[in-house]
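A.B. asks: Just a sequence and a predicted model for now, questions to come.
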Amino acid sequence: MFDRPDIAKAMQTYVLETAPVMALLLDADDRVVDANDEARRVLRAEAVGRPLAEQIVDFNQTLDVPAIIRQGDTVHRLTLSTASGLPETFCFRFFPVSGGVLALACLDLKEQVELRNQVLELNRELNNLTRQLYQANAELHMLNQLKNQFLGMAAHDLRKPIGLIMTYGGFVLEEAGAQLSEEHREYLRTCLRAATGMKQLIDDFLDLAVMESGRMRLELAPATAREIIAGAEPMARLVAGKKGITLLVEPTDDVRRLQVDESKLQQVLLNLVGNAVEHSVSGQRIWLSSRWEGQNLVFSVRDEGPGIPPEDQSRLFTAFERTGLRKTAGERSTGLGLAIARLVVETHGGRIWVESRPGHGATFLFSLPTKEGE
Amino acid sequence: MNQPVKPGFLPEEVYRAYLNALLAHDFQACRAHFLQWLEADAGLRWTYEDLVRRSLYEVGDLWERGRISVATEHLATAISESLLNLTYPRLFLRPRIGKSAVVTCVPNEYHQIGGKMVADVFELNGWRGYFLGANTPVGDVIKLIAEKRPEVVALSGATSFSLAKVISAAAEIREAFPEVAILVGGQVFRWGGKERVERLPGVRCLISLGELEAWIMEHGRDV
């Protein structure tokens, strides 16, 4: 029955149209002169009319393609450059026909299976690594909690004796200072300065421990940008004025209100101004301003200091990271102020960043999003 | 799944929908079913048992009967394993009780998802579940036991040819560590072998995750 021309023709049509078999008719110079639909789908459009050898990826430059084409009795695994851009390996058979050669090829299933197995193996490894990563991450999370707990406890226990040193040291200086020599008074002042620095460090540790442990609770209430800045301004002026630096405040007239923790945002502004003061010299200026950008309220603190190299900018907001920046008067600070500012801003759902070029000052900005209903 | 579900009684239509999605390689649909079931009151152990374990056993049966290709079986396994990752953000943050289990597949056993679910059930119950993965040489397992000193070692086998390997690995570990509890399990015991492996001293064969959880509840604080 299959000898009947109409049946043979139907089968031929079906196979050529649907089977994933490429059929290429080559002329005497091994040029592709015709191709079935599958071959036209797989190969690049320009393949027809060009030598078959041009489509073959010869990784080792050792293939004698004309000789292979004339070895009609064996299957050859040849890798082709395909329209998808990926090389794929096909099993070729070449049949001499009138005027040239008929090349038939299908995907090398052995290679496909190997590739699939490799992908599955990689997937298995990836899943195992994902599990290990989550496990390690959970351990780090627990260690971090322990660290915060320890920091909190240590800072709390240290705060009390420091308070005693500052209080009674202050009493001695006030009440018995006149009976001491100037040299001894200066010793006492040095002790008190060191104790004040220590208290600041402990306060920052406590703040950081509370914030990092996720225990920070915001006391949200509606406030305008003007109100937020006004609350921070007197202290900011005092800090700047001590070093002969002018603070210029440019509040917005906008009366829009945001749900924020006003005192925590004032702490952020003071930390940013304090940081700007530390990197400015007498006679320079610092600008404190705010503006609305769409649905975000943006605060900025700009200084005329030495600026910040790009390599230091990404580390500024991370606690305990050291940068190459030097304070202009050798001020001693905990270096935790920017990390605390970041945590406060992020807890509000906002973001904080710096814009700076060395030699052109720095601008620290943070934006707070408007929440639904505000 | 509009009705509240009772753990252990996954509605048949939900299971069928999940299985069909798995066989169609539809990762997103599988993910949606998995999360819906997990976040209902079913919890992780029942999701593993009723959805993942049951479907993979059925996929294995379909493959053995020639109803699906090996590629489909492999993809169903890969999808199932990727779904387990969705439980990890919460699983590993659970409070620990200071005990650990080393879980592994025997040599030449590449079906690792069962073992991984066992390690996860230990985590779910506050244990640290170290999972060593597929095809792990017994020597490597012994090294890790010496290093981590776990309370339990669990060996998993899926394919029938793994039975002898599970038994010999259990015997080898028993000889090296006479005190450690050894649990064995997996699809390999669907066709028998439980009595044989339990002849080894201190070796228990647990057929399901439910049995494993019951064992953890019963012995977890004593071993």
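C.D. replies: Sure, I can see it. Numbering: from 1, shown residues only, chains lettered A, B, ... in the order given.
A.B. asks: May I see the buried residues of stretch A:143-153?
C.D. replies: Neighbour counts over stretch A:143-153 (16 or more other CB atoms under 10 Å in any protein chain shown) mark A:148, A:151-152 as buried. For the C-beta atoms, the positions are set from N, CA and C on the backbone; glycine is no exception.
A.B. asks: And for stretch A:119-133?
C.D. replies: A:120, A:123-124, A:127-128, A:131.
A.B. asks: for chain B, what helix or strand is lowest in average pLDDT?
C.D. replies: Least confident helix or strand, chain B: helix B:43-46 with a mean of 86, by mean pLDDT, DSSP states H and E.
A.B. asks: Just the C-alphas of the next helix or strand after that one, formatted as CSV.
C.D. replies: Next in sequence after helix B:43-46, counting helices and strands by DSSP states H and E, comes helix B:54-64. Provided in CSV are the C-alpha atoms of helix B:54-64 (Å, rounded to 0.1, in the frame of the first residue of the first chain):
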residue,chain,number,x,y,z
ARG,B,54,1.5,12.4,47.5
SER,B,55,1.9,14.0,44.1
LEU,B,56,5.5,12.8,43.7
TYR,B,57,4.5,9.3,44.5
GLU,B,58,1.8,9.5,41.9
VAL,B,59,4.1,11.0,39.4
GLY,B,60,6.5,8.1,40.0
ASP,B,61,3.7,5.6,39.5
LEU,B,62,2.7,7.3,36.3
TRP,B,63,6.2,7.2,35.0
GLU,B,64,6.6,3.5,35.9
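A.B. asks: Need the three-state assignment for residue A:183.
C.D. replies: Classification of residue A:183 by DSSP: H, G, I helix; E, B strand; the rest coil places it in helix.
A.B. asks: from the middle of its chain, how far away would the least confident helix or strand of chain B be?
C.D. replies: Put simply, helix B:43-46 sits 12 Å off its chain's centre (CA atoms, centre = their mean, to the nearest Å).
A.B. asks: list the buried ones in that helix?
C.D. replies: B:44-46.
A.B. asks: Could you list which of these also contact chain A?
C.D. replies: Among those, not one lies near chain A by CB under 8 Å from any CB of the partner chain.
A.B. asks: What is the nearest of the residues you listed to chain A?
C.D. replies: residue B:44 (13.6 Å; CB to the nearest CB).
A.B. asks: which residues sit in contact with the closest one?
C.D. replies: B:38, B:87, B:91, B:120-121, B:124 (CB atoms under 8 Å, 6 or more residues apart in numbering or on different chains).
A.B. asks: Helix or strand: which one has the residue nearest in space to the middle of chain B?
C.D. replies: Centroid check for chain B by CA atoms, centre = their mean gives residue B:114 as the closest residue, at 2.8 Å. Taking DSSP H and E as the criterion, residue B:114 maps to helix B:113-124.
A.B. asks: hmm, the helix or strand following that helix in reach of chain A?
C.D. replies: Of the helices and strands lying after helix B:113-124 in sequence (DSSP H and E), the nearest is strand B:128-131. Yes - remark: strand B:128-131 sits within contact range of chain A at B:128, B:131, by CB under 8 Å from any CB.
A.B. asks: Just list what strand B:128-131 packs against, helices and strands only.
C.D. replies: helix A:109-176, strand B:100-105, helix B:113-124 (3 or more CB pairs under 8 Å, 6 or more residues apart in numbering or on different chains; DSSP states H and E).
A.B. asks: Export those as JSON lines, with columns for distance to residue B:80.
C.D. replies: Converted to JSON lines, those look like this (distance: least, CB to CB, whole Å):
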{"stretch": "helix A:109-176", "distance to residue B:80": "10"}
{"stretch": "strand B:100-105", "distance to residue B:80": "15"}
{"stretch": "helix B:113-124", "distance to residue B:80": "6"}
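A.B. asks: what about residue A:184, how many neighbours?
C.D. replies: 11 (other CB atoms under 10 Å in any protein chain shown).
A.B. asks: Contact partners for the residue nearest to the centre of chain B?
C.D. replies: By CB under 8 Å, 6+ apart, the contact set of residue B:114 is B:53, B:156, B:158, B:185-187.
A.B. asks: pLDDT score for residue A:17?
C.D. replies: You'll see residue A:17 listed with a pLDDT of 76.
A.B. asks: On the three-state scheme, it is what?
C.D. replies: Under three-state DSSP, residue A:17 comes out as helix.
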